[in-house]
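A.B. asks: Please work out how this folds:
(one chain, ligands or ions: 2)
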Amino acid sequence: MSGVIHLLPDHIANQIAAGEVIQRPASVIKETVENAIDAGATDIKVIIKDAGKTLIQIIDNGSGMNTEDAVRCFERHATSKISLASDLFALRTKGFRGEALASIAAIAHVTLKTRLHSVETGNLIQIEGSKITNQEETICSKGTSIEIKNLFYNVPARRNFLKSDIVEFGHIREEFIRIAMAHPELNFSLYHNDSEVYRLVSGILRKRINDILGKSSNDKLVPIEEKTDIVTLYGYVGKPEFAKKTRGEQYIFVNNRFFKDAYFNNAISKAFDGLLPQKYFPSYFLFLEIDPSRIDVNVHPTKTEIKFEEERSIYPIILSSIRQALGKYNISPTLDFEQETSFDLPHSMRNMPVVEPTIKVDPTYNPFKTSTDSASRSSGSSFSKAIKAEGFGNKDLNPKDWEAFYNIEESEEPIQEKIEIQVEESALDVRQLVFKGRYILSPLPRGFMIIDIQRAVERIVYDELMNKFILNPISSQQLLFPISIEASKNEIDHWNDNRSLLERFGWNWTVNENQLEINAFPSILQEEAIQPCILQIMENIVFAEIDKGEIAHALSLSIASAAGKIKKVEHHQSAEQLIEELFRCPEHSYCPSGKKILDKLTLEELSNRFS
Ligand code: ADP
Ligand code: MG
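C.D. replies: Ligands and ions are numbered 1, 2, ... in the order given. Presented below is the predicted three-dimensional model:
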């Protein structure tokens, strides 16, 4: 009887390999651009249509391939880069596994044009689903052009799994940046849907970083240099005062290959200990040079995981060289971040009051003034309905009534008397107690409700924006003098990509080099909240993986949280109003970012404390 095991045909094996190597359009960009670099190209052009779903084309001026290689390169385990097992320990090329082109050709329509520098004509190969459909001599430029169309056309699960164009293009951009950052000596350009996204001209590393992140990043960089027997370390870290609330600008390379490493990342964070406020992340652009035999690149098909033989020795080298560099540039751990909240502010704004928590607020300003605002606070209010529904109490209670709270019950509780005296003396005119501008204490039939003001405002504003923006644009307030906010090219592109939605939310801006000039903002915000709000939006739309439909959520959330941070409730009328508004929201127990808004302290709990 014959066995049941057989070898998979090549086209199936290739599809399986593709599952590991090619996860999304960005993976194709990574593999093909790396091939161009390995082929010695000095000029690499990346052309993308519809975030790579329709077309990815890479044009290079590298070595090109002869007729035989042009066919062979699509075979599995076909590589010109290694031939002996020992070569694996002396890798200087990006590729070596010989599976990228075979994988790509298994799941897309590919056209390759390639020509050696020494000959007049080149080769054209067309291949789809691992089958060559056309092969001919062709006239083409020296080097290689590879066109990849209809990615995942025969893997519907993958194709359907792709995110929106904005998200997918975000990944492409990130891969492009990682490679371009590692090779400042090469020219790179990136086009998306016919517009130029980057044109990077060769130069030194510092220039490359500035070209990618925006010119002004130059003042923010502290150089790192360290040579040891094990490793040579060079590059830049961002000055602590320019740290961001996102991990966006963190790049580490070994032998010019981008990789991810939580352990080394920890060394870098440690070097910034005491220099950064909580939840801020340092920027870094660090390059390790190490003998290739002391690392293993072949841990993962995409090669972003790398094993280091001497990682324990490298850790302290990274830590101490960054510490030293920061020290040299007089960045001492005494920096007072309480005072220094105006990161990245243009000069004209430097003297403005700090953002949190001491922003000046007009106490009479009421961002919640809506037509329904003067709704009666009768016993049928949203609040009392809601507390009944919540099981907080079963009386039809008017929240104003402290008396209702005190007079309910059980006279045998000794605590009762004392409070009544105090109530008569001073508190009767206080219906809600606003504590430190942060909490509202509000009486319930059998206890207190405690409301976190910031989170309540966040919920109210969020709901209002989400309910309104679909029907009408959010009302916008013009600025007399535009506020400029510095942004990287990537961030500016994201603003522009989302222009119509951002405008609908009340933002209006122009771009001036690497500045967003804000001309108008959602009028629900106060002017002081513009800057933090924009930073929050950038964080949400640039770095978070946001898909269609979620951008509106992210925008509303950013605006709501900025509004929440500066809203102060100073007198009981507005506290009442706030409670009423809050309980009109269908979800009033949690704010949109998921944190709880309300808590309660019951009479039982209180009296237990005094037992
Ligand atoms: P690997 O890069 O691991 O060798 P690939 O599947 O990416 O495997 O590529 C297979 C081979 O095709 C490479 O080893 C190289 O010889 C050739 N090749 C691929 N892209 C190019 C290019 N842009 N220019 C010249 N040769 C190329
Ligand atoms: Mg390759």
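A.B. asks: if I pick the residue in the chain that ligand 1 sits nearest to, what's in contact with it?
C.D. replies: Ligand 1 sits closest to Gly95 of the chain, with a gap of 2.2 Å, by Cβ to the nearest ligand atom. Just so you know, the C-beta spots here come from the backbone N, C-alpha and C atoms, and that holds for glycine as well. Taking Cβ atoms under 8 Å, 6 or more residues apart in numbering, we find Gly95 in contact with Glu31, Glu34, Asn35, Asp38, Thr79, Lys81.
A.B. asks: Report pLDDT for it.
C.D. replies: Looking at Gly95, its pLDDT is 90.
A.B. asks: Smallest gap between the stretch 101-250 of the chain and ligand 2, at which residue?
C.D. replies: With Cβ to the ion as the measure, Leu101 is the residue of the stretch 101-250 of the chain nearest to ligand 2, at 6.9 Å.
A.B. asks: for ligand 1, what are the nearby residues on this protein?
C.D. replies: The chain has residues 31, 35-36, 38-39, 60, 62-65, 73, 78-81, 95-102, 144 near ligand 1, with proximity defined as Cβ under 6 Å from any ligand atom.
A.B. asks: For the helix or strand that contains Phe583, give the mean pLDDT please.
C.D. replies: Applying DSSP states H and E as the criterion places Phe583 in helix 572-584. For helix 572-584, mean pLDDT is 79.
A.B. asks: Stretch 210-220 - what's its average pLDDT?
C.D. replies: Averaging pLDDT along stretch 210-220 gives 82.
A.B. asks: Report pLDDT for Lys45.
C.D. replies: pLDDT at Lys45 comes out at 98.
A.B. asks: Please point out which parts of the helix holding Phe583 sit buried.
C.D. replies: His572, Ser574, Ala575, Glu576, Gln577, Leu578, Ile579, Glu580, Glu581, Leu582, Phe583, Arg584 (16 or more other Cβ atoms under 10 Å).
A.B. asks: Pop out the phi and psi values for Val511.
C.D. replies: Main-chain dihedrals, Val511, degrees, to the nearest 10: phi -110, psi 130.
A.B. asks: excluding its backbone neighbours, what's nearest it?
C.D. replies: Among residues not flanking Val511 along the chain, Ile492 sits closest, at 5.6 Å (Cβ to Cβ, 6 or more residues apart in numbering).
A.B. asks: same check, this time on Ala39
C.D. replies: Closest residue in space to Ala39, ignoring its immediate chain neighbours: Gly62 at 3.0 Å, by Cβ to Cβ, 6+ apart.
A.B. asks: Look at that neighbour and say how many residues are nearby.
C.D. replies: The tally of other residues near Gly62 (other Cβ atoms under 10 Å) stands at 20.
A.B. asks: ditto for the one 10 residues further on
C.D. replies: Other residues within reach of Arg72, judged by other Cβ under 10 Å, total 15.
A.B. asks: gap between it and Ser189?
C.D. replies: To Ser189, Arg72 is 29 Å away according to Cβ to Cβ, to the nearest Å.
A.B. asks: Also Ala262?
C.D. replies: Per Cβ to Cβ, Ala262 is found 33 Å from Ser189.
A.B. asks: Looking at the two, which one has more neighbours?
C.D. replies: Ser189 (18 against 6).
A.B. asks: Can you classify the more buried one by secondary structure?
C.D. replies: strand (DSSP: H, G, I helix; E, B strand; the rest coil).
A.B. asks: For it, give me the pLDDT.
C.D. replies: 98.
A.B. asks: and the closest residue to it other than its chain neighbours, how many residues sit next to it?
C.D. replies: In space, and not counting its chain neighbours, Ser189 is closest to Arg199: 4.6 Å by Cβ to Cβ, 6+ apart. For Arg199, the count of nearby residues is 12 (other Cβ under 10 Å).
A.B. asks: check which helix or strand covers Arg199.
C.D. replies: Per DSSP H and E: strand 195-200 holds Arg199.
A.B. asks: Could you export that strand as PDB, CA atoms only?
C.D. replies: Only the C-alpha atoms of strand 195-200 are listed here, as PDB (Å, rounded to 0.1, in the frame of the first residue of the first chain):
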ATOM      1  CA  SER A 195       1.500  62.400  -5.900                       C
ATOM      2  CA  GLU A 196       4.900  62.500  -4.500                       C
ATOM      3  CA  VAL A 197       5.100  61.600  -0.800                       C
ATOM      4  CA  TYR A 198       8.900  61.500  -0.300                       C
ATOM      5  CA  ARG A 199      11.800  62.500  -2.500                       C
ATOM      6  CA  LEU A 200      14.900  61.800  -0.500                       C
END
